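Peer 1: Fold the following and give me the result.
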Amino acid sequence: MSEHGSRRAGGGGGSRGRRSANGGGFSDKLDGLTNQLSGMFGKRGGGRRGGDGYDDQYDEYGSYDDRGYENSGYGDSHHDGYGDEAEVASGGGRRGAGRRASAGSGGTGGTGGTGRGRGGRGGRNGGYGPDDLPPKDWWMKFINYPRYGKRGWRHWMPSIKQVLSVFLGFLFTVIGVVAYAYANTQIPQVKNSIAAGNPTTYTYDDGEVFADIGVHYYQVNDINQIPKAFQDAFVAAENYSFWTDPGVSFTGVARSALNDLFGSGGKQGGSTITQEYVKNAYLSQDQTLSRKINEVMIAIKLNHQESKQQILLGYLNQISFGRGAYGIDAASRAYFGKPISQMTNANIGEAAFLASVINDPSNFSTALVNDKSRKDNPKTFERFLKRYNAVLANMSQYGFEPKAATDPLQNKLPTVQDFKGPNLSGWVGYMKDSATQYLQAQLQEYPDDPQTQKFANIDNLSKGGYKIVTTYNHVMMADSKTAADALWTGTSGGGGGKWNPKTHASDHDVHLAFASVDPHNGELKSFYTGTDGVEDYSQNAFNYAVQGGVQVGSTFKPITLATALQSGKFSLDSTEEGSNVKPLFYPPGNPQPLTYTDSHGNTKLYPPNEDDEVGGFNGNATLKQGLAMSLNSVFAALELDPSVGVPAVYNMAEALGIKPETPDFKMVASLTLGTAEITPMRMANAYGAFDNGGVSHEPVQVTAIIDQRTGQTVWTPKSMRKDTGINKQVMSANTAAGVTAALQGVLQKGGTAGANTDAAALMSAANGNLAGKTGTTDFNHSAWFTGFSSSLATSVAVFRSTPDGALESIKGLGYDDQSTRINGMDWPTTVWSKFMSIELNKDKTNFAKPFAPYAPICSGVSNIVSFGQSVSAGPLATDTNSLPGTPTGSEANCQAVFVPTPSPTPTPTPTKATTSSAPPLCQSPASYDPASQQCVTLPSTPTDTSSQQQPSGTGTSNTTGPTSPTSTTPTTPSSRFCQQHPTDPQCPTTSTPTSSSSSSNLFGG
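Peer 2: Residues are numbered from 1 along each chain as shown. You can find the predicted model right below:
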């Protein structure tokens, strides 16, 4: 081979041709260098790299990675990408065929010697190589996305110019939209004229007016009539940047918009004084995004068209201060007895006071009626004092007043005159407050309901022009007061006691509270709340019938019974342990039995029964007997049975209207014994579901709000509207009938209320069509009776409370012997009987109709549902000849539930048991299960009692069965709970106060 000869190397588009030989001319070298550079920046080019003119094998073939490809594959058999193997003389070159590429044009080979090599042609059919990009389309000059010429993630990543362009485009679009909206926004006429409105009235259920929200208004026409200290106080409290801001808080608007978009709920703050003025004067109170946008645009425009002084004056003339006062002048007169023009800049405390009231005018004004109201509403008053101190601190912090002037006023309120409002004595004030608080609760309960947020807002209603129709019945309210005299001036039908504070040390600080609810709609028809024989709002503004709550004792047990019957594993004829001689275990899996410490310091098995009473036969009692005698052991074992469980009982109570925030309403073993502190209204409403076929209603106190100007109803409670799903069927009709039948036994001979002569007379007059339950709590802190007829449910509570709120024993109430124990069958049953007798005498035909009959059947299928769900109504028997299931008194239909079965257990199916054929014989240790109609092997019973295995029917620790409720394990009771319930088995053992009675009285009947 000639030393100066060269081979012609082929190079595809974007490929690297062979370098020129050293013997070539400058032009040849330049061509070779060009091709080499082209190959360096190309990837997998169409040909091999040009050589340097020497005949070595590496130059001949190039590297593997330099080979070209066709359509991502190798070249075809005709164009294999390699040059001819024959050598060329120095006078000429060899032509190699470059590998064909999918795209791109051929490169130019090197020139060797005197012969010019011709590079191999690239891809055919006009294609480009993989690294050869097609020319840009025209539109890529404007929109280059995905990015041209980029590989991998850079292909999809926008450039800085693109991001900036999009941002600027969006920004200019927003500016344009805002500018257009601003140009087209018109400031409307003042819509909410306070002076033109008539007072909003409260009426009984028949339309009779019993109270109103008076409107007191004095307009200030010149901002200079309002001292600068007062102006500064409101700015410091509500909007410290008011004098310099554009009229809108954009952070507040953004927060409100996000809340509306994502439904986070709650009331969003952050509005400026200008926005508040626009909302109060021009717009509605709707919590909607469109209203907020309208508010913002008007506020911005108003901020440009009016001075800050004009806006502040309009704001101070509009806002509510409570006491029926609207505007700062009316507020100054209402709280301090003089117009605002007579105030000075030295009245810093008065300024901070008024600026604090507007934060919650309805509640704050209630707590500031007089000195007594402050004591009756300590939490509200404390909250107001904190607000007052914060406003003073803001005034000095923002430079409105010197710190030396504000600090001495901390915790020192100015002298405020007592509120001389309309006559709210007797029960009138209680009704007005209760209806108002009900509306406020509706606002919190349904924040996403526009109708509620707009019309149930008491601050809006205070401006006048509406009628609030309550559920209270005037005649029944008077009947409640008459019935209360059975305690204050009558004689107990339970033991002949007579209230006499002059001779009985126990007859002081006695509270009587009861409420009556229509079970068919949840309407609160009447209530009574009195202390020491007096029902007077002006003396004690706290409503114990609706607001308060004390331990309900055994009146809670029917809720446990309803849960058990609803489970499908129990009937009223099912039995549980009627004494506490066998251990109970809780939480599930706990090897230690539940115990309690009696009044003598002895540790005993939980729970105690009143007077150690044992019911039934050989220590066992049916559920019906257990309820009639109020046996704690029966219901503790029932609650802890794996077919029921504490969580299921808790869920049932919540479904019946007991709120989770109720004090001491917890998933504890003593739940069934009534440790929760529930109001009489809630208890009456819960019992109403037993009478109403298992349908639970939300308690209602206001049925409608009517616009006086048009006569149209603008609001009804959401629970009274169709298809809201708030009122639910929480148990089957047969379950409700079963609980009712058991509650009838309480008022019959042998029941805990049967010995009360007043109740016995009432039962006779009502033909036995009444049902109810007594309740007594530990240490005699309270006594209850809750019961119902076919048309009315009433719950009565009696307790003692010192002025500081501490509960005291009611032992000896009305009796010369002060050691006399007061049970639910005594004063509570007497008052209940008196009230129900009055209502019965009004309508003997419809007041107490016969209850629906109960069918004693165990389906074997759990019907317990989670809270918030509904259950089917279930069958009701029409007569005694068509009762499904086993006859009353037979236990076979429910027997299998009382013995824990090993896991897994076949899921039982509903069956209709018959008595025509005997069950098949099963070989030991198996036993016949009527629910599943098969033999089931029972676990062996250990003979070693020290192992503390649970006997049947006493709350097994095995929770793996198919009927175990799905819920989390209850948490340990709080320290506050244990302080109030030292005998609860889940609380640490503490010393128990010694009772004057030798017998136990923990949550008896």
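Peer 1: Show me what the longest helix seen in the chain is packed against.
Peer 2: Using DSSP state H to define each element, the chain has its longest helix at helix 160-184. Under the contact criterion of 3 or more CB pairs under 8 Å, 6 or more residues apart in numbering; DSSP states H and E, helix 160-184 touches helix 289-305. In this view, the C-beta of every residue, glycine as well, is placed from N, C-alpha and C.
Peer 1: which secondary structure elements does the helix it packs on contact?
Peer 2: Contacts defined by 3+ CB pairs under 8 Å, 6+ apart place helix 289-305 against helix 160-184, helix 250-262, helix 273-281.
Peer 1: Assign a three-state SS to the residue nearest to Pro828 when sequence neighbours are not counted, would you?
Peer 2: The shortest distance from Pro828 to any non-neighbouring residue, by CB to CB, 6 or more residues apart in numbering, is to Phe785 (3.8 Å). Following DSSP: H, G, I helix; E, B strand; the rest coil, the label given to Phe785 is strand.
Peer 1: OK, contacts around Phe785?
Peer 2: Phe785 makes contact with 555, 753, 772-775, 795-796, 824-825, 828-829, 831-832, according to CB atoms under 8 Å, 6 or more residues apart in numbering.
Peer 1: so it bridges to which residues?
Peer 2: In this structure, Phe785 has the following beta-bridge partners (DSSP bridges): Thr774, Val796.
Peer 1: And it, how close does it get to Leu312?
Peer 2: Between Phe785 and Leu312 the distance, using CB to CB, to the nearest Å, works out to 58 Å.
Peer 1: just checking, Lys525 touches Asn473?
Peer 2: Yes - under the criterion of CB atoms under 8 Å, Lys525 lies in contact with Asn473, with a separation of 4.9 Å.
Peer 1: between these two, what contacts are shared?
Peer 2: A shared contact of Lys525 and Asn473, defined by CB under 8 Å, 6+ apart, is any residue touching both; here these are Asp205.
Peer 1: higher neighbour count, these two?
Peer 2: Taking neighbours as other CB atoms under 10 Å, Lys525 and Asn473 compare with Lys525 leading, 22 against 19.
Peer 1: would you say that one is within a strand?
Peer 2: Yes - the assignment for Lys525 by three-state DSSP puts it in a strand.
Peer 1: Name all residues that make contact with it.
Peer 2: Listed by CB under 8 Å, 6+ apart, the contact set of Lys525 reads Asp205, Thr471, Tyr472, Asn473, Met476, Ser516, Val517, Asp518, Leu792.
Peer 1: Could you report the separation of the last one from Leu762?
Peer 2: When you say that, I think you mean Leu792. With distances taken as CB to CB, Leu792 is found 13 Å from Leu762.
Peer 1: Give the residues shared as contacts by these two.
Peer 2: Residues touching both Leu792 and Leu762 by CB under 8 Å, 6+ apart: Met836.
Peer 1: Measure how buried Asp536 is and give me the count.
Peer 2: So Asp536, with other CB under 10 Å, has 16 neighbours.
Peer 1: Over to Thr406?
Peer 2: Tallying neighbours of Thr406 according to other CB under 10 Å, which is how burial is gauged here, yields 22.
Peer 1: For Lys372, which three-state class applies?
Peer 2: Lys372 carries the three-state label helix when classified by three-state DSSP.
Peer 1: Next up, the contacts around it.
Peer 2: The contact partners of Lys372, taken as CB under 8 Å, 6+ apart, are Gln539, Ala541.
Peer 1: ok, now how distant is it from Leu385?
Peer 2: In this view, Lys372 and Leu385 are 17 Å apart by CB to CB.
Peer 1: Phe514 falls within a strand, correct?
Peer 2: Yes - counting by three-state DSSP, Phe514 is located in a strand.
Peer 1: Test my guess that it contacts Ala793.
Peer 2: No - checked against CB under 8 Å, the pair Phe514 and Ala793 is beyond contact range at 10.9 Å.
Peer 1: lowest average confidence, helix or strand, in the protein?
Peer 2: When the helices and strands of the chain are compared on mean pLDDT, DSSP states H and E, strand 6-8 comes out lowest with a mean of 37.
Peer 1: Check which residues of stretch 784-793 are buried.
Peer 2: Judged by neighbour count using 16 or more other CB atoms under 10 Å, the buried positions of stretch 784-793 are Trp784, Phe785, Thr786, Gly787, Phe788, Ser789, Ser790, Ser791, Leu792, Ala793.
Peer 1: Now for the closest residue to the fourth one other than its chain neighbours, how many residues are close by?
Peer 2: Nearest residue to Gly787 in three dimensions, chain neighbours excluded: Gly772, at 2.2 Å (CB to CB, 6+ apart). The local packing of Gly772 (other CB under 10 Å) involves 32 other residues.
Peer 1: In contact with Gly772, which residues?
Peer 2: Counting by CB under 8 Å, 6+ apart, Gly772 touches Tyr687, Leu743, Val746, Leu747, Ala753, Phe785, Thr786, Gly787, Phe788, Thr829, Trp832.
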